[in-house]
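1. fold the following and give me the result.
(4 chains)
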4 protein chains.
Amino acid sequence: MKTIEVGIIGATGYAGVELLRLMTTHPYGRVAAVSSVSFEGKPISEVYPNLCGVCDDTLENEDAVIEKSEVIFAAMPHGLSEPLARKCVDAGKKFIDLGADFRLTSEEEYKQWYGLPYKDPELHKKAVYCIPELHRELVKDKEIIANPGCYPTSIALGLAPAVKEGIVRLQSIIIDSKSGVTGSGRGLSQTTHYPDCNEAFSPYKIASHRHTPEIEQTLAGLAGEPAQITFVPHLLPVNRGIVSTIYVDLKKKMGLEEIHRRYQEFYKDERFVRVMEPGQVANLRNVKFSNYCDISLHVDERTGRLIVVSAIDNMVKGDAGQAIQNMNLLCGIDESAGLKMIPPAF
Amino acid sequence: MKTIEVGIIGATGYAGVELLRLMTTHPYGRVAAVSSVSFEGKPISEVYPNLCGVCDDTLENEDAVIEKSEVIFAAMPHGLSEPLARKCVDAGKKFIDLGADFRLTSEEEYKQWYGLPYKDPELHKKAVYCIPELHRELVKDKEIIANPGCYPTSIALGLAPAVKEGIVRLQSIIIDSKSGVTGSGRGLSQTTHYPDCNEAFSPYKIASHRHTPEIEQTLAGLAGEPAQITFVPHLLPVNRGIVSTIYVDLKKKMGLEEIHRRYQEFYKDERFVRVMEPGQVANLRNVKFSNYCDISLHVDERTGRLIVVSAIDNMVKGDAGQAIQNMNLLCGIDESAGLKMIPPAF
Amino acid sequence: MKTIEVGIIGATGYAGVELLRLMTTHPYGRVAAVSSVSFEGKPISEVYPNLCGVCDDTLENEDAVIEKSEVIFAAMPHGLSEPLARKCVDAGKKFIDLGADFRLTSEEEYKQWYGLPYKDPELHKKAVYCIPELHRELVKDKEIIANPGCYPTSIALGLAPAVKEGIVRLQSIIIDSKSGVTGSGRGLSQTTHYPDCNEAFSPYKIASHRHTPEIEQTLAGLAGEPAQITFVPHLLPVNRGIVSTIYVDLKKKMGLEEIHRRYQEFYKDERFVRVMEPGQVANLRNVKFSNYCDISLHVDERTGRLIVVSAIDNMVKGDAGQAIQNMNLLCGIDESAGLKMIPPAF
Amino acid sequence: MKTIEVGIIGATGYAGVELLRLMTTHPYGRVAAVSSVSFEGKPISEVYPNLCGVCDDTLENEDAVIEKSEVIFAAMPHGLSEPLARKCVDAGKKFIDLGADFRLTSEEEYKQWYGLPYKDPELHKKAVYCIPELHRELVKDKEIIANPGCYPTSIALGLAPAVKEGIVRLQSIIIDSKSGVTGSGRGLSQTTHYPDCNEAFSPYKIASHRHTPEIEQTLAGLAGEPAQITFVPHLLPVNRGIVSTIYVDLKKKMGLEEIHRRYQEFYKDERFVRVMEPGQVANLRNVKFSNYCDISLHVDERTGRLIVVSAIDNMVKGDAGQAIQNMNLLCGIDESAGLKMIPPAF
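-> Next comes the predicted model:
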């Protein structure tokens, strides 16, 4: 088949460079151009020496990337993707946004959580938010894909069967997530300075993280009614991975086997979701560097709560990997192309 | 004042050696003898070279320790402290148990969670469970102190004011705790093998950890009515520290300032509890190597939940430090003697 | 081309499971069977849940592996490979030993460092030690390949051009190596217990590590005269990677550019060796999870010493990856088949 | 005895805050004032929440610190201490410099390595460089103490007996040091960004680190003749600690026991140097958070080299702790006052 020419805007951020790494071995795609505001004109392997001899492409600007590519990925801070998407759509190119600009369908909520209005509301009609396992049928004919946030991916996949089947109380959802430090990106901060971050642990943006409305939007979509959650992310002293521990009241008493059966049924055709056997516990170690989402299920019989543990690699299934999965979907090719990485044991 | 002669049974476990380290600089106590089943006859500094030149005492057996000491600390697996306590009581010595044998007041619950009956029920009448900030008035005339578990300490201190004041729904408590690896002790296991544990993260003993009834017992004692919690511990890839993130429904709407005021009032005379200012977040980095418990308070106004973050050093306030605090209490000396360690910035 | 049927004996050790992971995506090889003494009869994904859905093969015994495979890899403690190799040779199969049994060509030295005689001296004539970049022409017609040790690989590649060109004093070589903890394998020990290993660092087996004669053998082979080194390995608190810092006196004054030029020339056709530009420094971060060896060169002009820094992933180029490279060589296929992994940026 | 009023200039850097932490429990000293350019006017516990309730002093400016104190510690980038020292000397105060301005006795070398001339050469006559174990007799009547660098402390203590006794070849010294990340200070950089630093390892400033002339100066002082070393520091992914592995040719064959005996004799009255038994290996784990320097000795009999392993806590014996030791010396009090911290086992 014809090679897909792919461009990456923001290629020197962590999401961008991970995407570049994964795309470099994609069987049907080819990285045609990469851009970076901070390092324009330099070979990317000068910024990331791990890429020496693998990809020594010179970083260009965004216009060059758009021109040379059919599918453009943008890994930019929020607010910067909308104008890029407009350029791509006008040029007849597909646009996959790893940022937040197209994730929320309600402009109201976007304003509230991100402090900005839509600058180009028409554009949002061409966009769709897509966790492939949950929304793949919505992608057809769309020009823009909003690639989901890392936390929302781990959480939505962890809760989808229970919410869809209506076995849990929507207003009782409490989510305690822990993310590796790459989730904070390449930018320097005191919080991610090694001696401040190593041998340390704490939550942040408690009940105020911007992924909250995105999670609620997905859950509401599955349930057909509004959901309101408590969501608390924590910074975990590891490079990669998210574990979300999710607590929710069962509407009525239900055994672990029955819940497990429903989860297995829900995900039976999914390559990237592994519903673990009763007794096993999801661990980020088992999904690192892969596009898998591992889900383990637990019932607290004393209190009637379901506890779901969901583990992903925040940079792969939670970011660059899922973006490629979305590209595959958009281009009508095997959804798992370029994503067959096996998680290492260590 | 007269020096207190102190003995440590199980001195080569992690709790034992931390206790030894802290006691070595105690202003009124003196380590008279230490014992170890595995290393009897060796100098402890051979097992722990960090102690070379500081404490080169030879490890003896438990009887020698009991004979030479007035106060005996035991850091033993559950089931082994009861007979030791009997020996101490009969010899007129005080006994502080860092293990679990005397923590639960209900033999029923002890049987259910630990799988053993009390072998010497009379002995339990001489024992008291004591988190000093909550139970210090109960210690008088007791001969045995049950030193609390690490998770229960972080959780009980984090919830006590809210529960005591009756502002939260007791049946809604969900606790997501994360503990450093020293919590698993010195014994080898695949889970704590460096390459399996580093760059990994997961919960364990989900809704089935033995600290559950201990937490419920303390909360019930504060509330005057039963409490039933969901408790999920996680293994955190750091050496030391516990962070408990606690979720609970407020009975009625209440602002952060008001809750903060009540917590400050509750702990106003406590040296080791630091109620952080609104906006700050408790982090294990700030309490490491110290006897502090840092508590930060957060309200999720959208869902009406109180979120408490409680951080301690699992080996100090969660174990050896609190044991010394209990010894001080038992001996009628300054409760903070030997516990003035300042947490390092890194 | 015809698929190569491959077997792995000792598949649940760290080298074995890494080999399995890499072979699973090999374009021309297929894992026909895996064995384990400790876990025979269990699916390997039960021991390594990262492999769930990827490889759920049942662990068999060594005879089954030999029977089902054309090429047999053995990842066993020293002393156990010799009889396996005999079985394979007799059955007309190729044997690649990840252990130490065939690494030393001098039985004398083997006895001295490993404490064992050769049990089957004839067999050693069919064997060849092979770092492909240095010894690939020796492999033809051999039936047994001794896959090199991790430290020796990093060191030999780092020194080969300088030694081969005769620009350094052979008796002045000092090697200070640092290895991630996977180098110690899956077996439990106090040294690799997380709290003993994390936030710790020290050398071990100082000037007495068994890789010493192997390094000297390779250097002597390159130089055409004996070499005697000082070699000190250190345990590094990371999962993967080796950095060797190598100090050697230059025979006569020579500038960095000239040395760099010679190294580039020496390795100009090598896919897996990256000679870094003057000014750059090799870092294990840049080679993790890949088959690369990064080499940086530095001259201490004040003392006339050459300093070579060599970085590899101990489990890939230092172990399973190089074993596959050797298999490719042995089978006459593209030497880089199955080894195109790109090191991640983080 | 009279309390010593102490001031800290640059208290919010890592060295400054560690010094503050240690001084807070000093039996004879009292922190009278602290300053910071970046955070002037704020309580230091706002910058370092670990200090809440321990030290909530407001950060002032340097003049206020000098005015309120008898002994002034300055933890400043090089070039900034000289004018501060002048102010202190003129005001009759003692000055202890944790920076580099007074470490080199040769202005020539200072210019060469630091790129600056002395601005106030007269001042240097009042200053003395002091590793107490080696130079304590030089301190009398001095007004300025140059507190040694972290690497030079670990190295000089590791080599002093061998060099002083003349048993090693001075021109053969090769030093491979590894330092925890706090050695890079509180300032942000890509190198110390958690995901770039964690699971990474490499040398830096190879044969060009500014501590080189300082090490050579000390060794030359001990030997009575010039020394020229190769020194390569590495960044170790831990918070604290330095391990220096030192390689040096023995002038003539000498057994480990004999060398060990000489080291023990040399350090027999030193509280903070622990010469380990033959067979033991120095590990930073055993000295963390303490003022100890652990030294282990090893002979490579095959090559006739002595290998010394020296471990310190870079922030204590390598920085703030040694500064206090120097203060004690300067003030004529017990040299170990305030420095009795016992290294924790984990």
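2. what does the stretch 201-346 of chain A put close to chain B?
-> Residues of the stretch 201-346 of chain A that fall close to chain B, judged by CB under 8 Å from any CB of the partner chain: A:201-204, A:206-207, A:228-230, A:232, A:234, A:236-241, A:243, A:245, A:247, A:281-285, A:288, A:298-303, A:305, A:307, A:309, A:311, A:346. All C-beta spots, glycine's among them, are computed from the backbone N, C-alpha and C.
3. burial count for A:Gln190?
-> 11 (other CB atoms under 10 Å in any protein chain shown).
4. which stretches of the stretch 51-200 of chain A form helices?
-> A:62-68, A:81-90, A:107-114, A:132-135, A:150-164, A:194-197 (DSSP state H, counting those that start in this stretch).
5. just give me the neighbour total for whichever residue of the stretch 1-150 of chain A sits closest to chain C.
-> Residue of the stretch 1-150 of chain A nearest chain C, by CB to the nearest CB: A:Asn50 (4.2 Å). With neighbours defined by other CB under 10 Å, the count for A:Asn50 comes to 23.
6. just the pLDDT for it.
-> Looking at A:Asn50, its pLDDT reads 98.
7. kindly report the same for the one 10 residues further on.
-> With respect to pLDDT, A:Glu60 has a value of 98.
8. ok, A:Asp141 next?
-> Value for A:Asp141, per-residue pLDDT: 89.
9. then A:Lys126?
-> Looking at A:Lys126, its pLDDT reads 97.
10. can you give me the strands in the stretch 151-300 of chain A?
-> In the stretch 151-300 of chain A, the segments counted as strands under DSSP state E, counting those that start in this stretch are A:174-179, A:202-203, A:230-235, A:242-249, A:273-275, A:293-300.
11. is chain B within reach of the first one?
-> Spelled out, it's strand A:174-179. Yes. Strand A:174-179 is in contact with chain B by CB under 8 Å from any CB, via A:Ile174, A:Asp176, A:Lys178.
12. how near is the first one to A:Cys150?
-> When CB to CB, to the nearest Å is the yardstick, A:Ile174 and A:Cys150 sit 19 Å from each other.
13. which of these two has more neighbours?
-> Comparing A:Ile174 with A:Cys150 by other CB under 10 Å, the one with more neighbours is A:Cys150, at 28 against 25.
14. OK, contacts around that one?
-> A:Ser179, A:Gly183, A:His211, A:Ile242, A:Ile312, A:Asn314, A:Met315, A:Gly318, A:Asp319 (CB atoms under 8 Å, 6 or more residues apart in numbering or on different chains).
15. which parts of the stretch 201-346 of chain A sit against chain D?
-> A:Pro237, A:Val238, A:Asn239.
16. got the residues of chain A near chain C?
-> A:14, A:17-18, A:21, A:24-25, A:48-54, A:182, A:199, A:239-240, A:274, A:276, A:280, A:283, A:285-289, A:294, A:315, A:340, A:342-346.
17. just the buried residues of the residues you listed.
-> Buried members of the residues of chain A next to chain C, counted by 16 or more other CB atoms under 10 Å in any protein chain shown: A:14, A:17-18, A:21, A:24-25, A:48-52, A:54, A:182, A:199, A:239-240, A:274, A:276, A:280, A:283, A:285-289, A:294, A:315, A:342-346.
18. got the domain ranges for chain A?
-> A:4-148+A:317-331, A:151-314 (automatic domain parsing).
19. A:Glu199 against B:Arg285, yeah?
-> Yes. A:Glu199 is in contact with B:Arg285 according to CB atoms under 8 Å; the separation is 6.9 Å.
20. now do the shared contacts for the two.
-> Counting by CB under 8 Å, 6+ apart, the residues touching both A:Glu199 and B:Arg285 are B:Gly241, B:Phe346.
21. A:Pro233 and A:Tyr151 touch, don't they?
-> Yes. Here A:Pro233 reaches A:Tyr151: they are 6.1 Å apart, a contact under CB under 8 Å.
22. need the overlap of contacts for those two.
-> A:Ser177, A:Ser179, A:His209, A:His211.
23. so which of those residues is the closest to D:Gly224?
-> The nearest member of these to D:Gly224, counting by CB to CB, is A:Ser179 at 58.1 Å.
24. how about the contacts made by the closest residue to the closest one other than its chain neighbours?
-> Nearest non-adjacent residue to A:Ser179, counting by CB to CB, 6 or more residues apart in numbering or on different chains: A:Ile242, 4.7 Å away. A:Ile242 makes contacts with A:150-151, A:154, A:177-180, A:183, A:284, A:310-314, A:318, as judged by CB under 8 Å, 6+ apart.
25. out of the residues you listed, which comes closest to chain C?
-> A:Gly180 (9.0 Å).
26. contacting residues for that closest one?
-> Each residue near A:Gly180 by CB under 8 Å, 6+ apart is listed here: A:Leu236, A:Val238, A:Asn239, A:Arg240, A:Gly241, A:Ile242, A:Leu284, A:Asn314, D:Pro195.
27. let's see that with 6 Å instead.
-> A:Gly180 is in contact with A:Leu236, A:Val238, A:Asn239, A:Arg240, A:Gly241, A:Asn314, counting by CB atoms under 6 Å, 6 or more residues apart in numbering or on different chains.
28. out of those residues, which is nearest to chain B?
-> The closest of the contacts of A:Gly180, once distances to chain B are taken by CB to the nearest CB, is A:Val238, at 4.8 Å.
29. surely that closest one meets B:Cys197?
-> No. Under the criterion of CB atoms under 6 Å, A:Val238 makes no contact with B:Cys197, lying 10.5 Å away.
30. what does the model give A:Met1 for pLDDT?
-> 72.
31. residues touching it, list them.
-> Here A:Met1 is in contact with A:Tyr28 (criterion: CB under 6 Å, 6+ apart).
32. backbone phi and psi for A:Arg30, please?
-> Main-chain torsions, A:Arg30, degrees, to the nearest 10: phi -140, psi 130.
33. dump the residue contacts of it.
-> A:Arg30 is in contact with A:Thr3, A:Glu5, counting by CB under 6 Å, 6+ apart.
34. is it in a bridge, and if so with what?
-> A:Glu5 (DSSP bridges).
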